[in-house]
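*Asks:* Whatever this is, show me its structure:
(4 chains)
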Protein chains: 2
Amino acid sequence: MKTLVSRCPIEEVMQVLSGRWPTLLIYYLKDGTKRFSDLRRDNPTISHKMLTLELRKLEDAGIISRTEFEGYPLHVEYDLTSVGERLVPLIDALGDWWEEAIGPDAPHNEFATPKSRSVT
Amino acid sequence: MKTLVSRCPIEEVMQVLSGRWPTLLIYYLKDGTKRFSDLRRDNPTISHKMLTLELRKLEDAGIISRTEFEGYPLHVEYDLTSVGERLVPLIDALGDWWEEAIGPDAPHNEFATPKSRSVT
DNA sequence: AGTAAATTACGCACTTTTTTGTAACCACGA
DNA sequence: TCGTGGTTACAAAAAAGTGCGTAATTTACT
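*Replies:* I've put the predicted structure just below:
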């Protein structure tokens, strides 16, 4: 994780949560322990490589934990940490905001009010 | 805005808020009306191209409004919409979460507890 | 009077950088 | 030989930076 020099916590959060996968992975992990292969099944469009990279990033940030099990075949389990769990309701709130403000059933979505740029 | 096919509101929110700039721009606009050049001054490292693109994206999402004024030199004002304003406390919450859970003063940040991957 | 410069918010074409995908390879033991 | 959870190298794609051009008027200079 290339750490950007920044005094702004928002900027730092976005370093970790930005992109398509982090919030989704957190969401899948909300339901409990998952293995690498589970997460791939949950999200078939993520590539093998991206999944490892994203999981590593979340692990480095302290949002998820990674545990190796020595059994055969060897496997790994991923879980939200308590820090990660505290993040879930915040992501939920963003989803709710989207649905009521902007989503397809919202009163002011882009189809209901086609944008015209105001000129004075 | 290339609209991704997705049933998940989280995925859709992240399409708009992902990246370094969207949340920052929303933050600067929290203080009131800003012009293009103000926003560039607020954030000197964004290129003019990126600023126009990001502003357009936020406008299309209904988060900010754009108003042209006919005077000379012609100028443009940007503001948060009411929808955008409702987003501010959510972004705030993310910043707070970061600071108390992960930021430099948090008890479990990456320096206090250097990650060791657990093996069972 | 004529010309030139400055201002504001971009658009466009081109290049560079970053991110992501693809495929091959690895170890382990049943 | 399979399945697990990776790593690595190379290629493709996407994102971002750079520099130039534009509009229409005021001001500044010659």
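*Asks:* got a list of contacts for the helix or strand hosting residue A:28?
*Replies:* Per DSSP states H and E, residue A:28 falls inside helix A:21-30. Defining contact as C-beta atoms under 8 Å, 6 or more residues apart in numbering or on different chains, one finds that helix A:21-30 is touched by A:16-17, A:34, A:38-39, A:42-43, A:46, A:50-51, A:54-55, A:57-58, A:63-64, A:78-80, A:84, A:87-88, A:91, B:8, B:10-11, B:13-14. C-beta here means a position set from N, CA and C on the backbone, and glycine is covered the same way.
*Asks:* And the strands in chain A?
*Replies:* Residue ranges of the strands in chain A, as given by DSSP state E, are A:34-35, A:64-69, A:75-80, A:118-119.
*Asks:* To DNA strand C, which of the ones you listed lies closest?
*Replies:* Nearest to DNA strand C among those is strand A:75-80 (10.1 Å), distances taken as C-beta to the nearest atom of the strand.
*Asks:* Would you tell me whether the closest one gets close to chain B?
*Replies:* No: Strand A:75-80 lies out of reach of chain B by C-beta under 8 Å from any C-beta of the partner chain, never closer than 8.9 Å.
*Asks:* what's the angle between the helix holding residue A:28 and strand A:64-69?
*Replies:* Helix A:21-30 and strand A:64-69 are oriented at 60 degrees to each other (axes from the mean of the first three to the mean of the last three C-alpha atoms, to 10 degrees).
*Asks:* show me the contacts for residue A:95.
*Replies:* B:8-10, B:13.
*Asks:* redo that, cut-off 7 Å
*Replies:* B:9-10, B:13 (C-beta atoms under 7 Å, 6 or more residues apart in numbering or on different chains).
*Asks:* follow-up on the earlier one: which of the contacts of helix A:21-30 are buried?
*Replies:* Neighbour-count burial (16 or more other C-beta atoms under 10 Å in any protein chain shown) applied to the contacts of helix A:21-30 gives A:16-17, A:34, A:38-39, A:43, A:46, A:51, A:54-55, A:57-58, A:63-64, A:78, A:80, A:84, A:87, A:91, B:10-11, B:13-14.
*Asks:* Return the subset of these lying in helices.
*Replies:* The helices in this structure, assigned by DSSP state H, contain A:16-17, A:38-39, A:51, A:54-55, A:57-58, A:84, A:87, A:91, B:10-11, B:13-14 from these.
*Asks:* ok, and of the contacts of helix A:21-30, which contact DNA strand C?
*Replies:* A:46, A:50 (C-beta under 7 Å from any atom of the strand).
*Asks:* what residues does chain A put near DNA strand D?
*Replies:* A:35-37, A:48-49, A:52, A:55-56, A:66, A:73-76.
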